[in-house]
Each structure stands twice: as C-alpha cells, then as structure tokens.
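K.L.:
Give me the fold of what follows.
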Amino acid sequence: MAESRASSRFMVLAGAVLLALGGAVFAVRLLHAGPYAVPEGAALLSGIGGLVLGAVLLSAALPRALRWLALAFSPVVLLLGLYSTMAEFEEVISLYATDSGGRSAELRLWIVDRDDGAWVGMPRAKAIEHSLDGARLEMLRDGKIRCVVPVLHEDRETVRAIHAMKVAKYAVARGAVAIGLYPAEARDTAVALRFDPCPDA
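P.N.:
Predicted coordinates for the structure are as follows:
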C-alpha cells in the first residue's frame with residue numbers, strides 16, 4: 001500500500017512537471033518581440049504531448065494502466081520539451097519562406113553576427129527544400145521585420161566557422177553538445193547562409 005501511494009505521488013509530480021513544460025513550450029516564445037511564433041514539428045508535439053500526458057498522469061479517475069503508459073512515454077516528451085523550450089531562451093529569428101509544396105513556412109533559427117554580416121547554419125536539404133539561396137525573404141529579428149536575401153555558402157571553412165560561433169553563442173547548444181544531442185563541429189551536410197539586405201531595402 002505504501003508503495004502504491006509512493007507511485008501515485010510520483011505520477012502526480014511527473015504530471016505537474018509535464019503540464020508545466022507543455023505550457024512552457026508555448027509561453028517561452030513570448031520572450032521574443034514581434035509576432036508570436038507558433039511551435040511546429042517536434043516542438044509542437046512536445047508541447048501538446050506534455051499537456052496531454054501531464055493531464056493523464058494527474059487524473060486519478062483514469063485506469064492505472066493508462067497512467068503507467070503515459071509515464072513510460074514521458075521521458076521522450078520531457079527531453080523534446082526541454083530542448084524546445086531552452087532553444088527559445090536566447091536569440092531566435094524567424095525567416096518567412098515557402099517549402100517545395102508552396103506552403104508558407106516560418107523557420108526558427110539561431111543567428112550569429114560577424115564583420116561580413118548575419119549568418120545562420122542548417123542542413124543543406126533544409127535550405128534546398130525552402131529555396132533559400134538568393135530568395136527575397138522577410139526576416140523577423142529584434143521585433144523588426146526586414147527584407148533579406150540569403151546567400152548559401154558550402155565551403156567547409158565558412159560552414160565550420162559559423163557553426164563554431166553558434167555553439168559559442170548559445171548555451172543550449174553547448175549543453176546539447178556535452179550530452180551528444182548536437183554536433184560539436186558542423187556536419188558534412190551542413191551549409192551556412194549569410195543574410196544580405198534586399199537591394200532596394
């Protein structure tokens with residue numbers, strides 16, 4: 001009986017943590033000036049997952065087997081939710097593009113600055129999927145929307161330098177590197193993009 005009460009208390013605690021984290025995935029984006037950026041992909045799933053699993057764990061009326069199942073899935077949701085939340089604590093820009101299907105896409109990106117401009121890094125496939133190279137796009141940074149033209153660079157020296165600057169700037173990147181969730185050095189499939197102002201901006 002004591003063990004059952006202990007497991008129930010643990011489920012309540014886990015449920016409260018997951019609920020808080022699920023809300024944080026959405027709320028942390030309010031830290032940034034400008035239009036609210038709705039989570040997408042894994043971030044959205046982790047936010048919704050945290051809220052749903054947290055509610056299940058806190059509901060004593062639901063079957064115990066269902067609550068144990070929710071508890072089994074909670075580490076994955078917790079990890080994704082923590083990464084999604086922490087990734088938004090520091091500077092994040094929105095780049096408004098379109099995907100290969102012509103659908104609007106808001107890319108949330110870490111950004112670094114050096115003497116020759118503002119840069120981001122990403123997988124080459126992502127840059128190609130959204131036709132970023134040479135496109136005329138809107139970028140939201142510091143609460144201001146400006147017109148930019150991303151210029152894709154694939155030379156390894158530049159790509160490695162931008163990746164290293166990103167890891168140095170973002171604490172969550174350094175933490176993810178330490179536990180093996182983020183590469184310490186740029187992968188061979190990575191590219192760098194410099195944001196040039198639109199010619200008539």
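
K.L.:
Centroid-nearest residue for the chain?
P.N.:
Centroid-nearest residue in the chain, with C-alpha atoms, centre = their mean: S84, separated by 4.6 Å.

K.L.:
Check which helix or strand that one maps to.
P.N.:
Using DSSP states H and E, the element containing S84 is helix 64-86.

K.L.:
So what touches that helix?
P.N.:
Applying C-beta atoms under 8 Å, 6 or more residues apart in numbering, the contact partners of helix 64-86 are 11, 14, 17-18, 21-22, 24-25, 28, 39, 42-43, 45-47, 49-50, 53, 56-57, 59, 172, 175-176, 181. Glycine gets a C-beta too; all of them are placed from N, C-alpha and C.

K.L.:
Settle this for me: M122 is touching I111, isn't it.
P.N.:
No. Counting by C-beta atoms under 8 Å, M122 does not reach I111; the two are 11.1 Å apart.

K.L.:
Can you show me the strands along the protein?
P.N.:
93-98, 104-109, 112-114, 117-123, 137-141, 144-153, 190-197 (DSSP state E).

K.L.:
A6: which of the ones you listed is closest?
P.N.:
Ranking those by their distance to A6 (criterion: C-beta to C-beta) puts strand 104-109 first, at 40.2 Å.

K.L.:
Flag every buried residue along the closest one.
P.N.:
Neighbour-count burial for strand 104-109, with 16 or more other C-beta atoms under 10 Å as criterion, is recorded at 107-109.

K.L.:
and what of stretch 108-125?
P.N.:
For stretch 108-125, by 16+ other C-beta under 10 Å, it's 108-112, 118-122.

K.L.:
Outside of it itself, list whatever touches it.
P.N.:
Contacts of stretch 108-125 (C-beta under 8 Å, 6+ apart): 37, 40, 87-88, 90-95, 141, 150, 154, 159, 162-163, 165-166, 169-170, 173, 186-187, 189-196.

K.L.:
let's see 7 Å
P.N.:
Contacts with stretch 108-125, where a contact means C-beta atoms under 7 Å, 6 or more residues apart in numbering, come from 37, 91-95, 159, 162-163, 165-166, 169-170, 186, 189-196.

K.L.:
Show me the domain layout of the chain.
P.N.:
Here the chain is described, according to automatic domain parsing, as comprising the domains 2-86, 93-197.

K.L.:
gap between A24 and R160?
P.N.:
A24 sits 33 Å away from R160, going by C-beta to C-beta, to the nearest Å.

K.L.:
which of the two has more neighbours?
P.N.:
Neighbour tally, A24 and R160, criterion other C-beta atoms under 10 Å: the higher count belongs to A24, 19 against 15.
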